[in-house]
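[1] need the 3D shape of this:
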Amino acid sequence: MTQLIEDYALIGDLQTAALVGRNGSVDWLCLPRFDSAACFAALLGDEENGHWRVAPAGADNCTRREYRRNTLVLESVWETRSGTVKVTDFMPQRDEAPDLVRIVEGISGTVPMRSTLRLRFDYGNIVPWMRRTDGHRVAVAGPDAVWLRSEPEERVKTWGQHFSTCSSFEVSEGEKVAFVLTWHPSHEPQPEFIDPHEALRHSIDDWEEWVGRCQYEGPYREAVVRSLITLKALIYAPTGGIVAAPTTSLPEEIGGVRNWDYRYCWLRDSTLTLGALVTAGYLDEAAAWRDWLLRAVAGDPADLQIMYGLSGERRLPESELPWLSGYEGSAPVRIGNDAVKQLQLDVYGEVIDSLHLARSAGLMAKPHAWSLQLSLLGFLESTWRQPDEGLWEVRGPRRHFVHSKVMAWVAADRAVRTLEEDPTLHGDAARWRAMRDEVHREVCEKGYDPERNTFTQSYGSTELDAATLLIPRVGFLPPDDPRVIGTVDAVRAELAHDGLIRRYSADGTSVDGLPGDEGAFLVCSFWLVDALRLTGRGKESQELFERLLALRNDVGLLAEEYDPVSGQQLGNFPQAFSHIGLVGSALALEADGTAG
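    Down below sits the predicted model:
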């Protein structure tokens, strides 16, 4: 039976991540990186596409589960007729090879356990050759090799069945049995095996030390810490890049075609991510993200992309995997993302805004960062008047999106501010002020509907866009401007779905060139939290924020969207943008005294 999206929990080692269901099954894991081919892909197909379940024999979902406090170590407990058992799942930060560790511990009585491992490389398409060697089992196919071992080995009976590796054993109170799954390139020697129990201790210590650096002590600390841990887990440690989500093709509509690969790094997230990390006290992670950003966008400003690979790769070709049926039949399953080719003018503003924020936060300046901004701004001066695909990556015709123009204003504004704040830098502030004023005039003239008192999605359109909620946040207009208040009210009235906010008008989905519908976009609802707070409606802002907190699953995770009708999460999971929105709203509510 298909697990709901919110039935999954995340574990990871800061280079890749796995999703573990309430039933004890790991249904998604890409090795060795977030963007590698999955060896467990049941999430997007069925069990034959790869999974690894460890649970009491004959049991269904666990009785309860939680992360060990301040860590990414997952503990799932089953209470059965014969006793109680706990399974601890985690991925230790790797020194060499990636490991997935599952430790079974008897809590009371005696519980018969079952492990079923179906390795399927290349997104569930390839059945590997499994053999026994040196008392362990190793699966090999093409470039991939995976070792499975158990400790103590003599306690576990293991056999092959239907192209799977099955194990059975019993645990009584105080007893432990550990499994370790280790990947390495098949042409390289077997990696050194880790001690699973020592690895658990180190993992707990690593996470507790990291959480100890969090500077937020407000009333929403538990939610903020869990979201920060989730964001940390989505950082590709070797480069500092942050993936939007560790999954691909989880649908925005069950049974629909809005299924995209989010295992890449989007520039649109950069300013909000930096702000959240800096304000929470994580300057090392903020600096690493800033440095990734500088490396990724280096080069001809005309070639700036909206997203890049984990190491700054530019080619992310999109293709479909026909052997996977999709989550609950939501096909096609896609890898790669053709939106990488789109023109989205807002990213220039987001990059320049991010670098201004990094400088203001006291991150050590990079000598080439200012020259890069000058290059980007010079290109934007000649292109900001063009239509583009906009923030939401529409696959319909290009338009003059209001948000894109507002972010062009941000680019010029932040360049002017940077010169004012640092007289050692050189640039044509007068020209940028003129550009800033021209963009402002045009947006207020062509992107504003005076009859409805609201900014619209694009010039000449009657449709609305949740991205206009960011207008006061970026400083385009002050929060008390009647046009800002009118926009907040209009978005709230017309884009709300049971109080949560869609990205754009429900009857305007033709703008994206795709059939079907989608749920409420969670980060847009957090933007409404911020807009309500800024426009003086603190109580309503806090109430909406706390409602959004209640949408998290039992271990504090959020997907990209939420369906108020079914009460289920939708889209790729967990979604960095949703958790960035949560952290940003919580910190802002605390800063102005609205929280509590």
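[2] if you count contacts, what does the lengthiest helix in the chain end up packed against?
    Ranked by residue count under DSSP state H, the longest helix found in the chain is helix 402-421. Counting contacts by 3 or more C-beta pairs under 8 Å, 6 or more residues apart in numbering; DSSP states H and E, helix 402-421 packs against helix 346-360, helix 369-383, helix 429-446, helix 471-474. No exception for glycine: its C-beta is placed from N, CA and C like everyone else's.
[3] between those helices, which one is nearest to H202?
    helix 346-360 (31.3 Å; C-beta to C-beta).
[4] please identify the buried residues of that closest one?
    Buried residues in helix 346-360, counted by 16 or more other C-beta atoms under 10 Å: 346-359.
[5] quote the end-to-end distance of stretch 47-67.
    End-to-end span of stretch 47-67 (C-alpha to C-alpha, to the nearest Å): 25 Å.
[6] for that stretch, the averaged confidence score.
    For stretch 47-67, mean pLDDT is 97.
[7] ok, now stretch 432-446?
    Across stretch 432-446, the average pLDDT comes to 98.
[8] same thing with stretch 224-243?
    For stretch 224-243, mean pLDDT is 97.
[9] ok, so what distance separates E96 from D413?
    With distances taken as C-beta to C-beta, to the nearest Å, E96 is found 47 Å from D413.
[10] of the two, which one has the most company?
    Comparing E96 with D413 by other C-beta atoms under 10 Å, the one with more neighbours is D413, at 23 against 11.
[11] and for that one, nearest residue in space, chain neighbours not counted?
    Distances taken as C-beta to C-beta, 6 or more residues apart in numbering place R436 nearest to D413, at 5.4 Å, with adjacent residues excluded.
[12] what's around that neighbour, how many residues?
    Neighbour count for R436, taken as other C-beta under 10 Å: 20.
[13] repeat that for F40.
    Other residues close to F40 by other C-beta under 10 Å number 28.
[14] 39 is where my numbering starts, stick with that
    Yep, numbering from 39; the last one is F78 now.
[15] correct me, but it touches G59?
    No: between F78 and G59 no contact is recorded; they are 10.9 Å apart, counting by C-beta atoms under 8 Å.
[16] now do the shared contacts for those two.
    Common neighbours of F78 and G59 are listed as D65 (criterion: C-beta atoms under 8 Å, 6 or more residues apart in numbering).
[17] picking up where we left off before, how about the buried residues of helix 384-398 in a markdown table, adding pLDDT?
    Shown next, in a markdown table, are these (pLDDT from 0 to 100):
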| residue | pLDDT |
| --- | --- |
| D384 | 95 |
| V385 | 94 |
| Y386 | 95 |
| G387 | 95 |
| E388 | 94 |
| V389 | 93 |
| I390 | 94 |
| D391 | 94 |
| S392 | 93 |
| L393 | 93 |
| H394 | 93 |
| L395 | 93 |
| A396 | 92 |
| R397 | 91 |
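[18] can you list those in TSV and add distance to T154?
    Output for the buried residues of helix 384-398, formatted as TSV (distance: C-beta to C-beta, whole Å):
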residue	distance to T154
D384	47
V385	45
Y386	50
G387	50
E388	45
V389	47
I390	51
D391	49
S392	45
L393	50
H394	52
L395	48
A396	48
R397	53
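[19] quick one: which of those is nearest to A334?
    Relative to A334, the closest of the buried residues of helix 384-398 is V389; by C-beta to C-beta it sits at 9.4 Å.
[20] from V316, how far off is that closest one?
    Taking C-beta to C-beta, one finds V389 at 16 Å from V316.
[21] so L69 is in contact with D182, correct?
    Yes: applying C-beta under 8 Å, one finds L69 in contact with D182, separated by 7.3 Å.
[22] ok now do the residue nearest to D451, which residues does it touch?
    Contact partners of R474, counting by C-beta under 8 Å, 6+ apart, are W447, A450, D451, V454.
[23] pretty sure R140 contacts V215?
    No: at 9.1 Å, R140 does not count as touching V215 under the criterion of C-beta under 8 Å.
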